[in-house]
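Q: sequence? don't have it. structure:
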């Protein structure tokens with residue numbers, strides 16, 4: 001049968017529900033507060049949660065929001081509410097709760113609700129990684145606002161940025177709730193009006209344009225000419241500018257102009273480093289939820305180390321590091337030593353990024369300086385005193401230089 005987590009601060013209710021559910025053959029876990037529920041949820045994935053609204057430490061609504069934001073709402077949740085809190089319970093269903101039970105809970109109502117929730121359990125999948133709930137950093141918060149504004153337009157939009165940015169995460173913020181989001185690589189090989197219809201009323205996303213060959217470019221041109229008919233918006237990504245697409249990658253100038261009616265530059269991961277801990281934690285939850293690894297969690301020191309890494313490979317590198325940590329850590333807690341080991345191995349196996357030598361001198365110099373300090377920050381694990389020593393710069397000058405280059409400042413506590 002199912003594993004059901006009952007969260008309620010009243011011992012009588014916990015015992016009563018446990019007895020009824022156990023008689024039905026279910027395995028029952030109990031928690032008397034949100035803290036206990038949080039710990040149980042981190043270590044395993046119950047098939048169903050019965051969650052009380054009013055609890056002494058953290059209320060059920062706040063815990064539900066927390067699970068939704070962190071990607072842990074991969075199971076049905078039924079709220080339990082006393083008299084006078086029904087409106088709150090209804091609000092919980094908008095956040096992600098499946099249903100609510102009013103106290104005192106009638107046994108038949110309980111069993112019917114549990115049966116229906118478990119019947120729907122298979123349809124509840126772990127949430128995809130999303131930027132919708134993030135924005136601790138000013139850069140990502142501003143980007144979300146700009147994307148929300150651009151979502152009101154149907155014009156083709158070209159996202160510009162560095163490779164490894166996972167631009168589809170940003171593009172998904174442009175699709176309305178419930179609207180289709182189709183990645184063009186799924187339909188590019190067999191471009192037709194039928195496949196384009198899958199994106200009708202939503203977003204057709206095209207990955208890095210610099211990686212498309214002539215055949216794919218022709219298929220993209222076919223799709224682009226028919227998007228208006230299907231009311232599908234084309235959102236593309238380019239790791240190079242429009243001129244390079246035309247001159248080096250042999251794009252038709254008219255198609256590039258059409259794709260770039262609107263252009264938005266994406267911030268590199270180092271520019272929203274404050275959000276790295278949340279991104280890493282969400283990625284780890286996904287791996288645990290899909291049974292890709294045993295239960296794992298990051299220590300505070302590990303998250304701080306990830307925050308201070310310079311991430312030259314952006315979100316793609318972060319994904320790779322988190323996966324390596326999830327699969328390679330010997331303990332349930334991923335610590336600082338694990339992060340240092342994996343980041344060092346990842347840096348050693350990565351070829352040095354290229355600097356485009358056809359840039360103006362000032363741009364090429366800034367590109368070199370950025371790579372140089374990214375390397376030092378990664379090598380010295382964010383230690384500003386060691387980076388200053390290696391680079392031969394005075395500490396105050398180093399701070400100003402990193403800020404000018406858009407790089408995160410490392411650990412300041414060292415003397």
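A: Thanks, I have the structure now. Owing to the predicted nature of the structure, the values given are computational and were not obtained by experimental measurement.
Q: After the worst-scoring helix or strand of the chain on mean pLDDT, which helix or strand is next?
A: Ranked by mean pLDDT, DSSP states H and E, the weakest helix or strand in the chain is helix 193-196, scoring a mean of 68. Following helix 193-196 in sequence order, the next helix or strand is strand 203-208 (DSSP states H and E).
Q: How about the contacts made by the nearest residue to residue 65 once chain neighbours are set aside?
A: Computed as C-beta to C-beta, 6 or more residues apart in numbering, the closest residue to residue 65 that is not its neighbour in sequence is residue 95, at 5.9 Å. Yep, even glycine has a C-beta here, placed from its N, CA and C like the rest. Applying C-beta atoms under 8 Å, 6 or more residues apart in numbering, we find residue 95 in contact with 61, 64-65, 68.
Q: rerun that using 6 Å as the cut-off
A: Going by C-beta atoms under 6 Å, 6 or more residues apart in numbering, residue 95 touches 64-65, 68.
Q: Most neighbours among these, which one is it?
A: Neighbour tally across the contacts of residue 95 (other C-beta atoms under 10 Å): the maximum, 23 neighbours, falls on residue 64.
Q: Look up which helix or strand it falls in, please.
A: Element membership for residue 64 (DSSP H and E) is helix 60-70.
Q: Against residue 176, how distant is the closest residue to residue 153 other than its chain neighbours?
A: Nearest residue to residue 153, sequence neighbours excluded (C-beta to C-beta, 6+ apart): residue 262, at 6.8 Å. According to C-beta to C-beta, to the nearest Å, residue 262 stands 17 Å off from residue 176.
Q: swap in residue 386?
A: Here the criterion is C-beta to C-beta. By it, residue 386 lies 48 Å from residue 176.
Q: can you give me the helices in the stretch 301-415 of the chain?
A: Under the criterion DSSP state H, counting those that start in this stretch, helices of the stretch 301-415 of the chain are mapped to 314-328, 336-349, 361-379, 384-391, 395-404.
Q: What are the contacting residues of the second one?
A: Applying C-beta under 6 Å, 6+ apart, the contact partners of helix 336-349 are 301-302, 305, 309, 321, 324-325, 329, 378.
Q: tilt between it and helix 314-328?
A: For helix 336-349 against helix 314-328, the angle by axes from the mean of the first three to the mean of the last three C-alpha atoms, to 10 degrees is 120 degrees.
Q: In helix 336-349, which residues are buried?
A: Residues of helix 336-349 classed as buried under the neighbour-count rule (16 or more other C-beta atoms under 10 Å) are 336, 338-339, 342-343, 346-347.
Q: what pLDDT, on average, does it get?
A: Here helix 336-349 scores 84 as its mean pLDDT.
Q: between residue 386 and residue 176, which one's more packed in?
A: Ranked by neighbour count (other C-beta under 10 Å), residue 386 and residue 176 place residue 386 first, with 17 against 11.
Q: what sits against that one?
A: residue 380.
Q: In the stretch 151-300 of the chain, where is pLDDT below threshold?
A: Applying pLDDT under 70 to the stretch 151-300 of the chain picks out residues 185-195.
Q: Now residue 408. Nearest residue, chain neighbours left out?
A: Nearest residue to residue 408, sequence neighbours excluded (C-beta to C-beta, 6+ apart): residue 273, at 4.2 Å.
Q: Number of residues surrounding residue 253?
A: Count around residue 253 with other C-beta under 10 Å applied: 12.
Q: Tell me if I'm right that it and residue 246 touch.
A: Yes - Residue 253 is within contact range of residue 246, at 5.2 Å (criterion: C-beta atoms under 6 Å).
Q: Just the buried residues of stretch 289-303, please?
A: Under 16+ other C-beta under 10 Å, the buried positions of stretch 289-303 are 289, 296-299, 302-303.
Q: What of stretch 380-395?
A: Taking 16+ other C-beta under 10 Å as the criterion, stretch 380-395 shows 380-388, 393 as buried.
Q: any chance of those in CSV, with distance to residue 39 and pLDDT too?
A: Putting these into CSV (distance: C-beta to C-beta, whole Å; pLDDT from 0 to 100) gives the following:
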residue, distance to residue 39, pLDDT
380, 35, 70
381, 30, 64
382, 30, 72
383, 33, 78
384, 35, 84
385, 37, 85
386, 37, 84
387, 38, 87
388, 41, 88
393, 45, 91
